[in-house]
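>>> compute the structure for the input listed below.
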Amino acid sequence: MLSTAALILTLFGSAVSPLFAGGRNALYFFELQAVSAYNFSEKSFESFSYLSHHPMQKNGLGLETLVRFYRRKADLGFLSLQARAVYDSEHDLPIRFQLYNAFFRFKIPLAEIWSGHSKPALGLNYNLDNHALLLPDATMLGHNLDRDWGVGLHHDFRWGDSALSLTTGSGMSLKFHRNYLLSGRISYGVLARDNYNLGFSAFTGRVLEAMETEGAVSGPVPWSGVALDVTYFWLNLETRLEANLGRRAGQPWHLVLLRQGLNLLDEGRLKLEAQLGLWQHGSGWNYLAGPALTYRLNSDLALRTMFLYDSQAQNSRLAVQLYFYRSIF
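Numbers count the residues shown, from 1 in each chain. So this is what the prediction gives:
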């Protein structure tokens, strides 16, 4: 994966530098995450929040840069790069390089186009910055890809937005085994203005992995379905709901996820949340439920904790996270 990341970074740098040398603005950020969980079933401490093979919620240090390109006061687009060194005890070399964001998004008259490593146009996660949160989302439960390699379109309307993406369906790693994921999403409501957003997604493809793994690839499996997502803000309450219905490898692959948040203190520095997830992979339904708490000590530093029960694994766990994110230039 390191060689792939180096190649992508080189391509981005060589492609955009000569084209937009006329002017640019750049922001740089430093990220630190310390996370640990106590597994009550195993009676052991673990160096991740929920799943060891998911790319997020691992201890690590990272850097992020956002470079905005313009010409003659015209906004052309931006480049987003975010990379981390994370600790993963499951490997002989526990320090792993992780390329998270690596995409260029530029504007044309009819839409915005992105290319690289970004979010597929699918479900609640498309508009949710969830990478630093503890509560498991659809990606952790195998019903979305946190990031994927490919291209996409996005267009804002007065009443909402629409998006379309064609990605590899390989997740964090760039792999080609006749795999792909075609997904589209259309939504009604502008969250920053209307305090609600209703989204509908459809997707089809042949995917390799829902999350990052280092194991051998056995071949892509068919995966298709539809998803409905709802985000609603009222006073200091935040409600998020997603229903993802589909089939994967010929089996039912369904998810219903409800997350309720309550913001307290000035500027919502204290947030209480509760989540319930119901899923069916093949035969039978399972559930995952638990509360979470976030306290922002200041604008850069947040402390989070979560208690979670997983009925399939018959496992309960308590996770604690310290997350630091600050502009450095």
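
>>> could you use CA atoms for every contact and neighbour count after this?
Noted.

>>> any idea how far the residue sitting furthest away from the middle of the chain lies from E31?
For the chain, the largest distance from the centre (CA atoms, centre = their mean) belongs to R72, which lies 34.0 Å off. Per CA to CA, to the nearest Å, R72 is found 33 Å from E31.

>>> also D129?
Spatial separation of D129 from E31 under the definition CA to CA is 15 Å.

>>> who has more neighbours, the two?
Summary of the neighbour comparison: D129 and E31, criterion other CA atoms under 10 Å, with E31 having more neighbours (18 against 9).

>>> which residues does that one contact?
With contacts taken as CA atoms under 8 Å, 6 or more residues apart in numbering, E31 has the following neighbours: 61-64, 323-326.

>>> quick one: G62 from Y325, how far?
G62 sits 9 Å away from Y325 when distances are taken as CA to CA.

>>> which neighbours do those two have in common?
Here G62 and Y325 have 30-32 as joint contacts, going by CA under 8 Å, 6+ apart.

>>> can I get these in JSON lines with distance to N179?
Conversion of the shared contacts of G62 and Y325 to JSON lines gives the following (distance: CA to CA, whole Å):
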{"residue": "F30", "distance to N179": "34"}
{"residue": "E31", "distance to N179": "32"}
{"residue": "L32", "distance to N179": "34"}
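
>>> in this structure, which strand is the longest?
Longest among the strand segments of the chain by residue count, using DSSP state E, is strand 24-39.

>>> give me the mean pLDDT for that one.
Taken as a whole, strand 24-39 carries a mean pLDDT of 91.

>>> report the strands that pair with that strand, each with its relative direction.
Applying DSSP bridges, strand 24-39 is found paired with strand 44-46 (antiparallel), strand 60-71 (antiparallel), strand 315-327 (antiparallel).

>>> check these for me: which has the lowest mean pLDDT.
strand 60-71 (a mean of 90).

>>> which outside residues touch that strand?
For strand 60-71, the surrounding residues in contact (CA under 8 Å, 6+ apart) are 20, 22-34, 75-87.

>>> just the buried members of these?
Neighbour counting over the contacts of strand 60-71 (16 or more other CA atoms under 10 Å) leaves 30-34, 76-87 as the buried ones.

>>> what about the residues you listed, which are in helices?
Judged by DSSP state H, the subset of the buried ones among the contacts of strand 60-71 located in helices is empty.

>>> tell me where the stretch 51-200 of the chain has helices.
Defined through DSSP state H, counting those that start in this stretch, the helices belonging to the stretch 51-200 of the chain, from first to last, are 191-194.

>>> residues near S44, how many?
A count of neighbours around S44, defined by other CA under 10 Å, yields 10.

>>> distance of it relative to A313?
Computed as CA to CA, the S44 to A313 distance reads 15 Å.

>>> now swap in F69 and tell me
Applying CA to CA, the value for F69 to A313 is 48 Å.

>>> neighbour count for those two, which is higher?
Of the pair F69 and A313, F69 is the one with more neighbours under other CA under 10 Å, namely 24 against 11.

>>> for that one, which residues count as its bridge partners?
Beta-bridge partners of F69, as defined by DSSP bridges: R24, G77.

>>> for I95, which non-adjacent residue is spatially closest?
With sequence-adjacent residues excluded and distances taken as CA to CA, 6 or more residues apart in numbering, I95 is closest to Y87, at 4.8 Å.

>>> pretty sure that neighbour sits against L93.
No - the criterion here is CA atoms under 8 Å, and Y87 misses it with L93 at 9.0 Å.

>>> so which residues of the stretch 1-150 of the chain form strands?
For the stretch 1-150 of the chain, the strands defined by DSSP state E, counting those that start in this stretch occupy 24-39, 44-46, 60-71, 74-87, 95-107, 112-118, 148-156.

>>> which one of those strands lies nearest to Q260?
Checking those against Q260 by CA to CA gives strand 24-39 as the closest, at 22.3 Å.

>>> just want the angle from that closest one to strand 74-87.
Using axes from the mean of the first three to the mean of the last three CA atoms, to 10 degrees, the interaxial angle of strand 24-39 with respect to strand 74-87 works out to 30 degrees.
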